[in-house]
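Trainee: quick check, what structure comes out for this input:
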Amino acid sequence: MKLSRLEPMIASGKMLEKHLDNILNYFDDRYTNAALEGINNVIQNSKGNARGFRNPEYFKAIIYLYCGDFEVEVLTKEKVDKEQLPTKNSERPKKR
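Mentor: Numbering: from 1, shown residues only. Have a look, this model is predicted:
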């Protein structure tokens, strides 16, 4: 590619030459940054949903909520009964 007279081909050849070690390492180890790129995409999308939050702690909480493996239980009318909700002095109900 270096011998080409086309500027884009020369630039591509230089880029490949510059990153040759990293390209060859992929074939040895098979590691990519795809998982990190996926998490970054989730964080960037959550940033749009975090508009209006008053401080960075709320934004951090949204990131943990979206990226973490949390189970969020929604309260329904049936669960609001006093018998089902934990009180200050009682233990929390156990998961089934």
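
Trainee: what comes up buried for the helix or strand Glu57 falls within?
Mentor: Assigned by DSSP states H and E, Glu57 falls within helix 56-67. In terms of neighbour count (16 or more other CB atoms under 10 Å), helix 56-67 has its buried residues at Phe59, Ile62, Ile63. Backbone N, C-alpha and C define where each C-beta goes, glycine included.

Trainee: quick one: contacts of that helix?
Mentor: Ile39, Val42, Ile43, Asn45, Ser46, Lys47, Asn49, Ala50, Phe53, Phe70, Val72 (CB atoms under 8 Å, 6 or more residues apart in numbering).

Trainee: could you report the neighbour count for the second one?
Mentor: Residue crowding around Val42 was assessed by other CB atoms under 10 Å; the count is 12.

Trainee: mind checking pLDDT for Val80?
Mentor: Note for Val80: predicted pLDDT of 62.

Trainee: how far off centre is the longest helix along the chain?
Mentor: The residue-count maximum for a helix in the chain (DSSP state H) belongs to helix 34-49. Relative to its chain's centre, helix 34-49 lies at 4 Å (CA atoms, centre = their mean, to the nearest Å).

Trainee: output the contacts of helix 56-67 in TSV; the columns should cover pLDDT and distance to Leu24.
Mentor: As requested, the contacts of helix 56-67 are exported to TSV (pLDDT from 0 to 100; distance: CB to CB, whole Å):
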residue	pLDDT	distance to Leu24
Ile39	88	26
Val42	87	31
Ile43	87	31
Asn45	85	34
Ser46	82	36
Lys47	80	35
Asn49	72	40
Ala50	68	40
Phe53	71	44
Phe70	70	40
Val72	68	44
